[in-house]
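J.: Turn this into a model:
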Amino acid sequence: MKARNKSQLIEQLSTEVKRHSNIVTDQFQSLTSNQLLTTTDSGGWSIIQNLEHLNMYYKYYNPAIAESLKHAQKDPSISTFTSGWLGKYFTNAMDYRGKNKVKAFKDYIPIDDLDASSVMDTFLKNQNELLRLLDLANEYDLTKIKTAISLTKWIKMRLGDVFQFVIMHNERHIVQAQSRV
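T.: Presented below is the predicted three-dimensional model:
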């Protein structure tokens, strides 16, 4: 795989996280509870269910990333990141622009009856924590550090791939939520 500039990657990912937060504050917070909680006729998730689904993943990934960084040695001299085949596969699988239909795992399917305001607040807090972790990651080797994935602790991906996967997954569900407006 081709090496990428680590600082540019982190800046790009941080920009995406900020864009997702702006979408929630600018497009969703002014909607009524009914608009936020309405599912599609075909059974698609509501805006809030999409955000809660992301919160469920954040509950795993933010602490897992923090733990990976906590146990790693700082090495700001490493200026590149190289994706692994597994990370590239998972990130591409989440890309909403492809034809990949991905079914949510049972443990990550949100309930119908949610407090819209609380879900949005939690999402924005999770976003801020991810931004903090991205900033912190500038001091580390994103290729060398491994983080277990949410499916199983036995499979680990490179930290840079985990960041890309989480943010592409967010993009997928933000786009789905926007289609409900």
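J.: Compute the number of surrounding residues for residue 174.
T.: By other Cβ atoms under 10 Å, 24 other residues sit near residue 174. Placement of C-beta: from N, CA and C, glycine included.
J.: correct me, but it touches residue 20?
T.: Yes - using Cβ atoms under 8 Å, residue 174 is in contact with residue 20, at 5.1 Å.
J.: What residues sit buried inside the least confident helix or strand in the chain by mean pLDDT?
T.: Least confident helix or strand, the chain: helix 85-94 with a mean of 79, by mean pLDDT, DSSP states H and E. Neighbour-count burial for helix 85-94, with 16 or more other Cβ atoms under 10 Å as criterion, is recorded at 87-88, 90-91, 94.
J.: Quick check: next helix or strand after that helix?
T.: Downstream of helix 85-94, the next assigned helix or strand under DSSP states H and E is helix 116-137.
J.: and that following helix, what's its mean pLDDT?
T.: Helix 116-137 shows a mean pLDDT of 97.
J.: What is the subsequent helix or strand relative to that helix?
T.: Using DSSP H and E, the helix or strand that directly follows helix 116-137 along the chain is strand 146-148.
J.: contacts for that next one?
T.: Residues from elsewhere that reach strand 146-148, judged by Cβ atoms under 8 Å, 6 or more residues apart in numbering: 61, 64-65, 68, 154-159, 162.
J.: Let's see if you can find the most crowded of these.
T.: residue 162 (27 neighbours).
J.: The nearest residue to that residue once chain neighbours are set aside and residue 159: what is the separation?
T.: Nearest non-adjacent residue to residue 162, counting by Cβ to Cβ, 6 or more residues apart in numbering: residue 147, 4.6 Å away. The gap separating residue 147 from residue 159 is 5 Å, by Cβ to Cβ, to the nearest Å.
J.: Thanks again, I'm all set now.
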